[in-house]
Each structure stands twice: as C-alpha cells, then as structure tokens.
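Participant: Give me a model of this one.
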Amino acid sequence: MTVHDIRSFNRFYTNLIGALDYGRHLYAPYTLTESRVLYELAHSPRTDAADLRIELSLDAGYLSRILNKFEQDGLIERTPSERDPRRRRITLTTRGRETADLLDERARESVGALLATVAADDRPRLAEAMRTVRTLLSDGRPPRREDVVLREPGPGDLGWIVQRNAALYAAEHGWNADYEGLVARIVADFAEDHDPHLERVWIAEIDGRPVGCVMCVRDDAPGSARLRLLLVEPDARGLGIGDRLVETVVDFARGVGYRELALWTNDVLAAARRVYQRHGFTLVTEKPHRSFGADLVGQDWRLDLHGTPE
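Facilitator: All right, here's what the predicted structure looks like:
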C-alpha cells in the first residue's frame, strides 16, 4: 500500500459521505462540526469544555463560539464542574437532547439508505473490512472511555440482550435456563408494547460491537419506573460503562417525570450493587429465594428522583 492508495480512498469516501447531503440538509440548521459537538454531549461521559476541545481537536475559541450559540438556542446549560470548579460542566437541556436525537435520527436514516444499496450477503464482509481498518490504524490500543457510545437498539439488539444475559450469567454464576426465560419475557413485553416517551432501552457499543445494555420501563406503582437488565461484557469492564448506563436511566427517568426508580437484583451481583449505591439507590428489602437453579438473596433497591440533585 502507498500514500496514494490511502489518499485515493479518502477522496472516494469523502465524496460518498458528501452524497449523503451532510452539509445542506442532514444537520440543518447546524454545521457538521456543531452537530459533532452535540453528538459528543449526548453520548460522551466527558462534558467539560476542555475535554470536548481535546476529543474533537477543536480550537478553544471556535468551540466557545459554538457553545455560546447552543446556549442562546437553549440547547445547553453550563455549571461548575464537579471535578474542577475552574472548569465548566456542559449538559444538554431537554430541547438540546431532542435536537441531538433528531440529528442522530436523520444520520441513521441516511446511512441506512446507503447500507440498503449493499447486498445482504456482502454486509458482513463490509463490516469486517471496516473493523480491520479501525484495528490496524488504532495501533492495537485498548478501548478508552470515550470510545463507548450509548445508542438506541437496532434490529437484532433485543435478541442480543437475551442471548448475552443467558450466556453471561450461566458462565459467571451457574444460572440455568429459567433466567433466560425471565429475560426473554421482559424483552418480549418491551418489544410488543412500550411507550417510547416513558420507556427506553440503551445499548453500549465500542467500535460497532455491543458491550452492554440497560432498560427503563414503567413500574406497577404510579409514578415509578424500573431499571432492568443492566449488563456489561467482561472485556469491556473498567471503562465506566455500568455507571454511564445507570446514570442515563436516572437522567431519563427524572426527565420524563418519574418520582421514583426501582430495581431488583441479587446479593451475588456485588459489582452492580456498588454501581447502584454510587448513584444514590438505597436497599429497601431482602428476601432469600431459590431461582435459576441457585440459592439467592433477592434485593429491592429504590431511588427517590425528587430527592436526588440534578
């Protein structure tokens, strides 16, 4: 391979992306760079202005002008950073998240239209080629926190949730097929009947590969939501994915007006319990039971959304 080969590919791909109308319609009324900033704010755990500037390789003055525009448009709020009071923490407002979701939906539809031109039999080959390029040019570095993307589920993702829950809990805790049946029912109920404004699923992804998930669904009690099926793949642990998934559920539940967030777990899942505790959940009740082929202690945890600071 020569420098010419890479430059030739870059020209081809740039023209291909341009054909998706990135500049004129896809991100209107924002520019591509402004849309990238919105995307990072919606998906990245790093929300300080300094972190955004480094992650996106933007000039400080240019980024400042973009953020000023977003603030004037009511898309963001700026507060002192919890990590360093000298920094500013940037969060999307409800309007900002709606705008980011709209731009992301347009992008997904546009790329989906492009993918539709590729024969189904050729798509695995295309995906593998893209992974190969990313792997080779990343020089084998391990994934970083900023490589993790949270997204809505696509086709096949709900099935992945069932399969990975069943396989992972069997491997790590010896649970039998009863647990797979429980997860399958939870996922099927969501797929067949859910309110997209009040119930959501998130998939954590690294380089196009799902590595985690969580659900937020309505609970039986009025004004209460339930966090379900939190999972992080073993090789993706240590990147703060569990914390991001739980934080996302908490923010969503509070944002749509739930008063309380509940969850049920078992005492053997110590790492998950630590995540819940960090986000303000408190243990309400414990009860021994035999399920999934094991003797367990079930635990109910609750979070008062009104009593937790934003």
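
Participant: Would you tell me what the next helix or strand after the longest helix seen in the chain is?
Facilitator: Identified as the longest helix of the chain according to DSSP state H is helix 94-115. Scanning forward in sequence from helix 94-115 by DSSP states H and E, the next helix or strand is helix 123-137.

Participant: the inter-axis angle of that next one versus helix 94-115?
Facilitator: 120 degrees (axes from the mean of the first three to the mean of the last three CA atoms, to 10 degrees).

Participant: contact partners of helix 123-137?
Facilitator: Residues outside helix 123-137 that contact it (CB atoms under 8 Å, 6 or more residues apart in numbering) are 115, 118, 207, 208. (C-beta placed from N, C-alpha, C; glycine too.)

Participant: pLDDT of that helix, averaged?
Facilitator: Per-residue pLDDT over helix 123-137 has a mean of 84.

Participant: avg pLDDT for whichever helix or strand comes after that helix?
Facilitator: Later in the chain than helix 123-137, the nearest helix or strand by DSSP H and E is strand 148-151. Taken as a whole, strand 148-151 has an average pLDDT of 88.

Participant: now do stretch 28-44
Facilitator: 82.

Participant: which intervals of the stretch 201-310 of the chain have sub-threshold pLDDT?
Facilitator: Along the stretch 201-310 of the chain, the parts satisfying pLDDT under 70 run over 307-310.

Participant: again, but for the stretch 51-200 of the chain
Facilitator: Checking the stretch 51-200 of the chain against pLDDT under 70 turns up 81-84, 139-140.

Participant: related to what we said a few turns ago, quick one: distance of the longest helix of the chain to the chain centre.
Facilitator: Counting by CA atoms, centre = their mean, to the nearest Å, helix 94-115 is centred 15 Å from the centre of its parent chain.

Participant: Looking at neighbours, which among the contacts of helix 123-137 is most surrounded?
Facilitator: Of all these, residue 207 has the most neighbours under the rule other CB atoms under 10 Å, reaching 14 neighbours.

Participant: tell me the phi and psi of that residue?
Facilitator: Dihedral pair for residue 207: phi 50, psi 40, per degrees, to the nearest 10.

Participant: Which residue comes closest to it once chain neighbours are left out?
Facilitator: Distances taken as CB to CB, 6 or more residues apart in numbering place residue 134 nearest to residue 207, at 5.7 Å, with adjacent residues excluded.

Participant: Could you count how many residues lie near that neighbour?
Facilitator: Neighbours of residue 134 (other CB under 10 Å): 11.

Participant: Ok, residue 198 next?
Facilitator: Residues near residue 198, counting by other CB under 10 Å, number 15.

Participant: tell me the contacts of it?
Facilitator: Residue 198 makes contact with 218, 225, 256, 258, according to CB under 8 Å, 6+ apart.

Participant: Now do the same for it: helix, strand or coil?
Facilitator: The three-state label for residue 198, taken from DSSP: H, G, I helix; E, B strand; the rest coil, comes out as coil.

Participant: which phi and psi does it have?
Facilitator: Main-chain dihedrals, residue 198, degrees, to the nearest 10: phi -120, psi -10.

Participant: same question, residue 196
Facilitator: The phi/psi pair for residue 196 (degrees, to the nearest 10) reads phi -60, psi -20.

Participant: Can you name the residues bridging to residue 291?
Facilitator: Taking DSSP bridges, one obtains residue 294 as the residues bridged to residue 291.

Participant: does it really touch residue 177, like I thought?
Facilitator: No. Using CB atoms under 8 Å, residue 291 is not in contact with residue 177, being 11.9 Å away.
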